[in-house]
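In: model this:
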Amino acid sequence: KAFTMRHPAVPPALRGTVAALAEPCVTQHLVTLGVDTVELMPLAAWIDERHLAQHGLGNAWGYNPVTFMAPDPRLAPGGLAEVRQAVMALHEAGLRVILDVVFNHTGESDVHGATLSLRGLDNALYYRHAGRELVNDTGCGNTVALDRTASVQLAMDAMRNWVMRTGIDGFRFDLAPVMGRMASGFDVNAPLLAAIEQDPLLKDRIMIAEPWDVGPGGYQLGRFPPRWQEWNDR
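Out: Numbers count the residues shown, from 1 in each chain. As a prediction, the model looks like this:
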């Protein structure tokens, strides 16, 4: 959003949108810089953390999702078709496209948060709990239980949806240890990681893990599947 908002050659009506990434002035600038891959910050629809409103603030990023499949209308008013057009333009310029995704938590936050998404569907199933308390391995108030069948299916369907409908080349996963978090701790053979590696559509896509979260044993640098890349925090 900020990049296209600040680019003086982007048409004013497109500034701050995914469609702006398809503009020749944008693709030419990126090629001139010598980059070969563009990472898109999260595009899935999100809400602001509730404390921001108290200060009259809002986020320009999408790390507080309320859905995993639908693009935020503020970024992509044209929906997935708009994203696909931008990806096609970047591909035509010789650039690969990675999408940052947030599967580790939702914007529903802690027990005092809103009911907008998974909490309303099945709070006990989709979120990890310790007794009656929400586990907070993410620092965001909740943690999606990505070792459970329904959650694995949701994340896999979301990834396939983005790949098939937009043509992206891969993913960067926010707080990725949650993807391998079992009741006993992190496991590289956890259901979601294993499913990705076996999926015909995903097994050859670029996968990049942010290899830490704030839960017990949360620093997992070097422990993701061999073909995965990792961006650490040091």
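In: quick one: contacts for the residue nearest the centre of the chain?
Out: Nearest to the mean C-alpha position of the chain, by CA atoms, centre = their mean, lies Val101 at 1.0 Å. For Val101, the contact set (CB atoms under 8 Å, 6 or more residues apart in numbering) comprises 42, 44, 68, 158-159, 162, 171-174. For the C-beta atoms, the positions are set from N, CA and C on the backbone; glycine is no exception.
In: Can I get these in a markdown table including distance to Gly62, secondary structure and neighbour count?
Out: Shown next, in a markdown table, are the contacts of Val101 (distance: CB to CB, whole Å; DSSP: H, G, I helix; E, B strand; the rest coil; neighbours: other CB atoms under 10 Å):
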| residue | distance to Gly62 | secondary structure | neighbour count |
| --- | --- | --- | --- |
| Pro42 | 3 | coil | 21 |
| Ala44 | 6 | strand | 23 |
| Phe68 | 11 | coil | 22 |
| Ala158 | 14 | helix | 19 |
| Met159 | 16 | helix | 27 |
| Trp162 | 13 | helix | 24 |
| Phe171 | 14 | strand | 24 |
| Arg172 | 13 | strand | 21 |
| Phe173 | 14 | strand | 26 |
| Asp174 | 10 | coil | 23 |
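In: Relative to Ala45, how far out is Pro77?
Out: 12 Å (CB to CB, to the nearest Å).
In: Next: His29.
Out: For His29 relative to Ala45 (CB to CB), the value is 28 Å.
In: who has more neighbours, Pro77 and Ala45?
Out: Ala45 (22 against 12; other CB atoms under 10 Å).
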